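Student: Sequence first, then the predicted structure:
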Amino acid sequence: DTEVTQTPKHLVMGMTNKKSLKCEQHMGHRAMYWYKQKAKKPPELMFVYSYEKLSINESVPSRFSPECPNSSLLNLHLHALQPEDSALYLCASSQDTSYNSPLHFGNGTRLTVT
Amino acid sequence: GESVGLHLPTLSVQEGDNSIINCAYSNSASDYFIWYKQESGKGPQFIIDIRSNMDKRQGQRVTVLLNKTVKHLSLQIAATQPGDSAVYFCAENMGSGAGSYQLTFGKGTKLSVIP
């Protein structure tokens, strides 16, 4: 079992809906990440949070809004998504961003936009 | 732009044989590399990492080799088992400087183990 927990595991939403993806880790990590993964493709970086502050936004559309309420939690708020946004959304954490350490991934939320 | 790529998209090996999965990277400034294993329906799972000041690192049944001269990374799995069947990704740190850790993934290789 992974130490990064993501909920829900599956989500189906319409293009006018507002939903949120949640991620939690209790490893004391101070960096958290959102990745998007389409079928048979590698994960693509979306956002990086370091010490609860957004440090990297990879030109992600504003219909995706990240939030880091505290060092253990990371949310991704979704609004007015498009069908092409359907994908596996992966959360990850690492000890820090100031030195190299492996990312620990959750099992993702599989999102379907109808 | 610069990116991490893989030579072989699929690899089939007989159970008990050794597997070698290759990865080419183009960013000569990358200083940290990781191999991940992703099983169906799961997130990527850390296998082994290596820093650019090393050329070889061994784990349990796995070895990562780094050749900076030709910008090549490989993962060797000894005595491959059915449980090793998965997609394997190499990833490199594309960021530079403190606080800019950006892990970028290669295209992935699907490893199928034949019983």
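Tutor: On my side now, so go ahead. Residues are numbered from 1 along each chain as shown, chains lettered A, B, ... in the order given.

Student: Wasn't residue A:55 part of a strand?
Tutor: Yes - remark: residue A:55 belongs to a strand, assigned using DSSP: H, G, I helix; E, B strand; the rest coil.

Student: Let me know the helix or strand that the closest residue to it other than its chain neighbours is in.
Tutor: Taking Cβ to Cβ, 6 or more residues apart in numbering or on different chains, and ignoring the residues beside it in sequence, residue A:55 has residue A:48 as its nearest neighbour in space, at 5.0 Å. For the C-beta atoms, the positions are set from N, CA and C on the backbone; glycine is no exception. Assigned by DSSP states H and E, residue A:48 belongs to strand A:44-50.

Student: now that strand against strand A:53-57, angle please.
Tutor: Using axes from the mean of the first three to the mean of the last three Cα atoms, to 10 degrees, the interaxial angle of strand A:44-50 with respect to strand A:53-57 works out to 160 degrees.

Student: Just give the strands next to strand A:44-50 in its sheet, each with its orientation.
Tutor: Strand A:44-50 sits in its sheet next to strand A:31-37 (antiparallel), strand A:53-57 (antiparallel), going by DSSP bridges.

Student: interface residues of chain B facing chain A?
Tutor: Applying Cβ under 8 Å from any Cβ of the partner chain, one finds that chain B approaches chain A through B:31-32, B:34, B:36, B:41-46, B:49, B:51, B:89, B:93, B:95, B:98-108.

Student: at 6 Å what do you get?
Tutor: Counting by Cβ under 6 Å from any Cβ of the partner chain, the residues of chain B lying close to chain A are B:32, B:34, B:42-44, B:46, B:49, B:89, B:93, B:98-99, B:101, B:103, B:105, B:107-108.

Student: Now go through those and say which are in strands.
Tutor: Here DSSP state E is the test, and the residues of chain B next to chain A give B:32, B:34, B:46, B:49, B:89, B:93, B:103, B:105 as lying in strands.

Student: wait, what's in contact with the residue nearest to residue A:55?
Tutor: For residue A:48, the contacting residues are A:33, A:55, A:56, by Cβ atoms under 6 Å, 6 or more residues apart in numbering or on different chains.

Student: Nice, that's everything, thank you.
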